[in-house]
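1. Could you work out the structure for the sequence below:
(one chain, ligands or ions: 1)
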Amino acid sequence: MLSLFPSFLLRLNPKPPLSLFSCIARSSSPILIGLSSPIPPGFFPLPRRCPVFPLSLVRQLSVESGSPSSLSSVRGRMEVAANSVAEASSGAKKFWLRSKNEAMLATYTPFVVCLASGKLELETFRQYIAQDFHFLRSFASAYEKAGEYADDGDAKATISELQKAVLDEMNLHNSVIQEWGIDPSKDVLCSPATVKYINFLSAISDGKIGGKDFGKIATQFEKTIIAAYIVGAMVPCMRLYAFLGKELEPFLKIARDHPYSSWIKKYSSSEFEEAATLIEDLLDKLSVPLTGEELDVIGKLYLQAMKLEIEFFLAQTIMQPTVVPLIGLHDPKKRFCIFSDFDLTCTVVDSTAILAEIAIAKAPKTTDLPVANRSIDWSPSSELRETWKALSAKYAEDYQQCIDTLLKGHEAKAFDMDDLYKHFEHLSEFEKQANSRVFESGVLRDMNIDDIKESGEHLKLQEGCASFLQKIVMQKKKMNAELHILSYCWCADLIRSALSAAGCLGSVSVHSNEFMYAEGSLSTGEVLRNIETPLDKIRVFKHIINRSSNEEYLSVYIGDSVGDLLCLLEADVGIVLGSSESLRKVGKRFGVSFIPLFVGSAYKQREAGLDASSAWRAKSGVIYTASGWPEIQAFILGHH
Ligand SMILES: Cc1ncc(CO)c(N)n1
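-> Predicted coordinates:
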């Protein structure tokens with residue numbers, strides 16, 4: 001119907017540079033910023049896949065009613081802050097925000113999950129307290145050294161305050177010890193992981209840093225630097241504990257008498273938070289006179305201390321079966337099927353927006369036209385932009401109506417999968433019609449496959465997504481794992497290029513729609529329609545799962561929107577990223593519960609008896625929410 005690109009015009013402008021997309025894709029700042037002309041709200045058909053980030057986009061897309069308040073959900077602290085690593089003015093804050101992966105790894109260690117669940121074996125806790133006592137002693141002596149080295153009166157006063165806080169912590173340990181009758185200083189030797197941190201800290205105090213020996217610490221200035229290094233190696237321990245304290249605080253309610261309530265109360269207390277802030281401020285203060293190079297050293301010490309903390313948790317002797325990490329429960333004789341949605345689950349920008357931009361950038365602008373044909377307010381490019389705008393507005397409106405229809409009726413008292421399937425037929429019909437409208441309008445015609453591939457290669461993935469996929473790919477054989485992308489995206493080439501740039505194409509199965517190309521490179525506008533609807537997704541999901549009917553499997557589905565709901569519920573573990581409100585509303589309407597993944601893990605741990613292997617097999621209408629890929633990785637793989 002529409003002939004947007006007369007071929008003579010294309011020849012005039014065969015391949016406009018795609019630097020615009022590269023710039024969007026590479027930019028770490030929120031998408032759409034940096035576009036030459038701002039994209040109006042509702043421009044792209046985004047609402048079915050609304051992301052947590054970027055905030056600016058969520059605010060723009062009022063369609064999803066992504067009110068900022070919905071972003072600070074239960075586990076909102078890390079993700080909201082994470083967006084501002086670059087802006088964080090404090091060095092200590094910056095280091096913490098960069099430690100998200102490590103913080104998640106610590107949270108999902110068997111020790112911490114068992115501790116939260118209230119079912120950690122007493123003997124394990126005892127051993128831990130005994131090890132921690134050694135740890136705290138080294139903390140106290142490091143403060144001693146730092147206090148000597150610091151030359152500023154205020155800094156010295158802060159350090160002595162912090163020292164008091166450590167003594168306070170040791171008192172808690174003492175009371176625990178008395179309660180359970182052990183004397184750690186006599187009875188328990190340091191474990192190798194404890195020794196590692198203690199040696200690390202004392203080496204810094206002696207001026208041995210990063211394999212280098214600073215020799216005799218002579219001048220006061222050198223001493224001040226060493227004081228900063230010592231503190232830099234202690235800050236992450238304090239911040240991590242304050243973080244874990246807050247993560248564990250809700251579990252005080254898990255049982256009327258949580259056996260480890262004194263531990264949880266200690267580390268979730270405002271006093272401990274104050275101590276953590278105090279030492280962070282101290283680090284910032286001590287860092288003021290340092291050179292960039294010296295600050296880098298602090299960054300490295302911070303990260304190393306974080307890693308040693310994780311090793312410390314991992315080294316705790318856990319005898320009981322644990323429900324995390326998931327890979328630990330998986331029998332490699334069985335299939336391990338990991339499914340993920342693509343748009344806004346893996347990516348930061350919806351692929352419809354990318355494809356629209358490629359098409360618009362390709363279309364001739366006024367200045368490309370022969371002078372005689374120029375008009376101020378018309379060009380193929382501007383016309384295409386208008387067509388897209390209309391298609392998107394229509395999609396957004398109809399989509400919202402579909403969701404409203406889905407939400408009609410009473411909230412289900414109990415989860416009912418069959419009812420849910422029935423209600424998804426209408427939404428599925430709508431998605432197909434919406435696609436037909438796009439395909440028939442011709443807006444996807446005459447796009448160059450090379451441009452699509454280039455955009456795909458520069459597509460910005462969610463933080464931690466690529467590294468998770470790579471890790472799975474690396475251990476695929478050993479784990480008997482499969483990675484499947486299930487996507488509504490119109491053009492699988494875009495997905496394949498993105499995966500290829502992330503270094504994992506060959507090992508991921510992409511299930512999506514395919515552009516058709518004429519003469520090998522220009523899209524004809526026709527699309528092989530494989531996956532367009534929620535019902536298509538679940539059909540393909542089940543087909544893959546049942547491919548070998550006699551083989552057992554463990555399945556995880558990761559998604560972000562209403563279109564993923566059925567798969568999220570059919571998988572052994574369904575994990576939601578992002579904050580889509582319609583997903584939550586529709587879920588609730590049909591009796592689905594949304595539980596933060598960490599909370600869910602601790603509950604599973606509580607329920608798990610001597611057999612944790614089948615803990616996650618329940619199609620019970622529960623979906624788990626996660627803050628991002630680092631959390632998913634910590635849950636599925638842990639340190640593996
Ligand atoms: C392992 C460890 N890290 C940090 C703290 C906080 O002081 C602690 N008590 N133990």
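2. Please pull up the helix or strand immediately following the helix or strand residue 515 falls within.
-> With secondary structure defined by DSSP states H and E, residue 515 is part of strand 514-518. Following the chain from strand 514-518 toward its C-terminal end, the next helix or strand by DSSP H and E is strand 522-528.
3. packing partners for that next one?
-> For strand 522-528, the helices and strands in contact under the criterion 3 or more C-beta pairs under 8 Å, 6 or more residues apart in numbering; DSSP states H and E are helix 417-441, helix 449-457, strand 514-518. (Each C-beta comes from the backbone N, C-alpha and C, glycine too.)
4. for residue 438, what are its contacts?
-> 391, 444, 490 (C-beta atoms under 8 Å, 6 or more residues apart in numbering).
5. how about a cut-off of 6 Å?
-> When contacts are counted by C-beta atoms under 6 Å, 6 or more residues apart in numbering, residue 438 touches residue 391.
6. Can you list the buried residues in stretch 162-169?
-> 162-163, 165-166, 169 (16 or more other C-beta atoms under 10 Å).
7. Also stretch 594-607?
-> Residues of stretch 594-607 classed as buried under the neighbour-count rule (16+ other C-beta under 10 Å) are 594, 596-606.
8. And for stretch 102-116?
-> Buried residues in stretch 102-116, defined by neighbour count with 16+ other C-beta under 10 Å: 102-116.
9. Could you do stretch 414-434 as well?
-> Neighbour-count burial for stretch 414-434 flags 415, 420, 423-424, 427-428, 430-431, 434 (criterion: 16+ other C-beta under 10 Å).
10. wait, which of those residues is closest to the ligand?
-> For those, the minimum distance to the ligand (C-beta to the nearest ligand atom) is 40.7 Å, reached by residue 415.
11. And the helices in the stretch 451-600 of the chain?
-> Counting by DSSP state H, counting those that start in this stretch, the stretch 451-600 of the chain has helices at residues 465-474, 476-479, 492-501, 534-545, 565-570, 581-589, 597-607.
12. oh, I was asking about the stretch 201-350 of the chain
-> Under the criterion DSSP H, counting those that start in this stretch, the stretch 201-350 of the chain carries helices at the ranges 220-232, 235-248, 261-268, 270-287, 292-314, 326-329.
13. thinking again about what came up before, mind putting the buried residues of stretch 162-169 in CSV, distance to the ligand included?
-> Output for the buried residues of stretch 162-169, formatted as CSV (distance: C-beta to the nearest ligand atom, whole Å):
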residue, distance to the ligand
162, 10
163, 12
165, 8
166, 7
169, 5
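14. Dump those residues to a markdown table, plus secondary structure and pLDDT.
-> Below are the buried residues of stretch 162-169 laid out as a markdown table (DSSP: H, G, I helix; E, B strand; the rest coil; pLDDT from 0 to 100):
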| residue | secondary structure | pLDDT |
| --- | --- | --- |
| 162 | helix | 97 |
| 163 | helix | 95 |
| 165 | helix | 93 |
| 166 | helix | 95 |
| 169 | helix | 92 |
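15. Neighbours of residue 511, how many?
-> For residue 511, the count of nearby residues is 20 (other C-beta atoms under 10 Å).
16. Residue 139 now?
-> By the criterion of other C-beta under 10 Å, residue 139 has 23 neighbours.
17. got the contact list for the residue lying closest to residue 104 once chain neighbours are set aside?
-> On the basis of C-beta to C-beta, 6 or more residues apart in numbering, the spatially nearest residue to residue 104 that is not a chain neighbour turns out to be residue 634, at 3.9 Å. With C-beta under 6 Å, 6+ apart as the criterion, the residues that contact residue 634 are 104-105, 108.
18. now do 8 Å
-> Here residue 634 is in contact with 101, 104-105, 107-108, 325 (C-beta under 8 Å, 6+ apart).
19. Which of the three states applies to it?
-> Secondary structure for residue 634, judged by DSSP: H, G, I helix; E, B strand; the rest coil, is helix.
20. what about it, distance to residue 105?
-> 5 Å (C-beta to C-beta, to the nearest Å).
21. sorry, back to before: now for the helices of the stretch 451-600 of the chain, which one comes closest to the ligand?
-> Closest of the helices of the stretch 451-600 of the chain to the ligand is helix 597-607, at 19.0 Å (criterion: C-beta to the nearest ligand atom).
22. tilt between the closest one and helix 235-248?
-> Angle between the axes of helix 597-607 and helix 235-248 is 70 degrees (criterion: axes from the mean of the first three to the mean of the last three C-alpha atoms, to 10 degrees).
23. looking at it, residue 248 is touching residue 266, isn't it?
-> No. Contact criterion C-beta atoms under 8 Å: residue 248 and residue 266 do not qualify, at 10.4 Å.
24. out of these two, which sits in the more crowded spot?
-> Shown here are residue 248 and residue 266; by other C-beta under 10 Å, residue 248 has more neighbours (26 against 19).
25. closest point of this structure to the ligand, which residue?
-> residue 237 (3.6 Å).
26. The protein against the ligand: which residues are in contact?
-> Near the ligand, the residues belonging to the chain are 132, 135-136, 169, 237-238, 241, 309, 312 when assessed by C-beta under 6 Å from any ligand atom.
27. Where does confidence bottom out across the residues you listed?
-> Here the lowest pLDDT out of the residues of the chain next to the ligand sits on residue 169, with 92.
28. before we move on, the earlier item: show me the two of the buried residues of stretch 102-116 that sit farthest apart.
-> By the measure C-beta to C-beta, the buried residues of stretch 102-116 have their two most distant members at 102 and 114, which lie 19.4 Å apart.
29. number of nearby residues for residue 217?
-> Using other C-beta under 10 Å, residue 217 is surrounded by 16 other residues.
30. again, but for the one 10 residues further on
-> By the other C-beta under 10 Å criterion, the neighbourhood of residue 227 contains 26 residues.
31. Hmm, residue 155 and it touching each other?
-> Yes. In terms of C-beta under 8 Å, residue 227 counts as a neighbour of residue 155; the distance is 7.3 Å.
32. Touching both of these two, which residues are there?
-> Residues touching both residue 227 and residue 155 by C-beta under 8 Å, 6+ apart: residue 286.
33. re the thing from before, mind putting the buried residues of stretch 162-169 into TSV with distance to residue 504?
-> Output for these, formatted as TSV (distance: C-beta to C-beta, whole Å):
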residue	distance to residue 504
162	45
163	48
165	45
166	45
169	44
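34. related to what we said a few turns ago, for the residues of the chain next to the ligand, which one is nearest residue 400?
-> Nearest to residue 400, judged by C-beta to C-beta, of the residues of the chain next to the ligand is residue 241 at 44.7 Å.
35. wait, doesn't that closest one sit right on residue 264?
-> No. Because the distance of 11.1 Å does not satisfy C-beta under 8 Å, residue 241 is recorded as not touching residue 264.
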